[in-house]
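Chemist: Generate coordinates for the sequence data below:
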Amino acid sequence: MSSGAPSLSAAAHPAVPHRIATARVVVRAYDVSDAEALDLVMLENHERLREWMPWAWDEPQTLDTRRNLLTYFRRRLDAGEDFTMGMFDANSGALLGGTGLHPRDAPDTLEIGYWLAADAEGKGLMREAVAALTQVALGFGLASRVEIRCDPANVRSRSVPQVLGFEHERVFTEPLESHLAQVETEVWAMDDARMSGTRLASYPRPFSADAAGTGISWNP
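Modeler: Numbering: from 1, shown residues only. Coordinates of the predicted model:
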């Protein structure tokens, strides 16, 4: 699970699709009506997520707080400031986890953050979602570089960029959080030049749509 901490910059970014669909997964903008489903998933998963996700220490939340948070996520997404999204089963619609694209301080860079419910792990679903997000970010010209940042000790999280063919660039140390034992963060990166021949390049392009549900064409 990647922490995916977004930049605090409020500068507008090119619009990310509201819906990105693969064969098994739908990544889409949260709606306030998702609060109940998210509440159930977080009740079952927040303790295990605390090992890697600082925000999980704010869980469990009240349902009203969760609705306000989802409204905030959607407002920022619509404004092009940050793109926190839910990850859903393409057939049942069940909430599987969370992901998104987050602007970094570096220009033309988006970071993918993600977490997954325990019962959805081990099926390659997060690799499928991350491949789709990366293809959209680079293929739609939203960024020239995509990053994934995670703790080197988080084996499941780091396996996603590793298997997809992201390049491991560096490890750096961050200030110690009072409730976390780890302080190291590693950076994995992908761009158009690095994608050729990777497993990521073998994934079919996902379907993407805007807020109205209109499909978005790929760049020539």
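Chemist: Show me where the protein has its helices.
Modeler: 35-49, 63-78, 125-139, 155-164, 192-195 (DSSP state H).
Chemist: Now do the end-to-end distance for stretch 188-204.
Modeler: Length of stretch 188-204, first residue to last, Cα to Cα, to the nearest Å: 22 Å.
Chemist: Only the buried residues of it, if you could.
Modeler: Neighbour counts over stretch 188-204 (16 or more other Cβ atoms under 10 Å) mark 188-191, 194-195, 198, 200, 203 as buried. For every residue, glycine as well, the C-beta is placed using N, CA and C.
Chemist: about what we covered before: and the helices of the chain: which comes nearest Gly93?
Modeler: helix 35-49 (8.8 Å; Cβ to Cβ).
Chemist: got the angle for that closest one vs helix 63-78?
Modeler: 90 degrees (axes from the mean of the first three to the mean of the last three Cα atoms, to 10 degrees).
Chemist: contacting residues around helix 35-49?
Modeler: By Cβ atoms under 8 Å, 6 or more residues apart in numbering, the surrounding residues in contact with helix 35-49 are 1, 30, 56, 59-61, 63, 66-67, 70, 86, 94-95, 97, 115, 117-118.
Chemist: For Leu77, which residues are in contact?
Modeler: 16, 18, 29-30, 83-85.
Chemist: Which of the residues you listed fall within strands?
Modeler: 29, 83-85 (DSSP state E).
Chemist: and of those, the nearest to Glu167?
Modeler: Nearest member of those to Glu167, counting by Cβ to Cβ, is Phe83, at 22.8 Å.
Chemist: Specify the beta-bridge partners of that closest one.
Modeler: Leu101 (DSSP bridges).
Chemist: same thing with Ala189?
Modeler: The partner residues for Ala189, given DSSP bridges, come to Glu147, Glu167.
Chemist: For it, list the residues it contacts.
Modeler: 145-148, 166-167, 169.
Chemist: Repeat the analysis, applying 10 Å as the threshold.
Modeler: Residues in contact with Ala189 (Cβ atoms under 10 Å, 6 or more residues apart in numbering) are 109, 111, 145-149, 161, 166-170.
Chemist: if I look at Ala12, how far off is Pro103?
Modeler: 9 Å (Cβ to Cβ, to the nearest Å).
Chemist: what about the closest residue to Tyr30 other than its chain neighbours, how many neighbours?
Modeler: Nearest residue to Tyr30 in three dimensions, chain neighbours excluded: Leu70, at 4.6 Å (Cβ to Cβ, 6 or more residues apart in numbering). For Leu70, the neighbour count with other Cβ atoms under 10 Å is 20.
Chemist: list the contacts for Leu70?
Modeler: 29-35, 38, 84, 86.
Chemist: Can you tell me how far Glu111 is from Thr198?
Modeler: In terms of Cβ to Cβ, Glu111 sits 18 Å off from Thr198.
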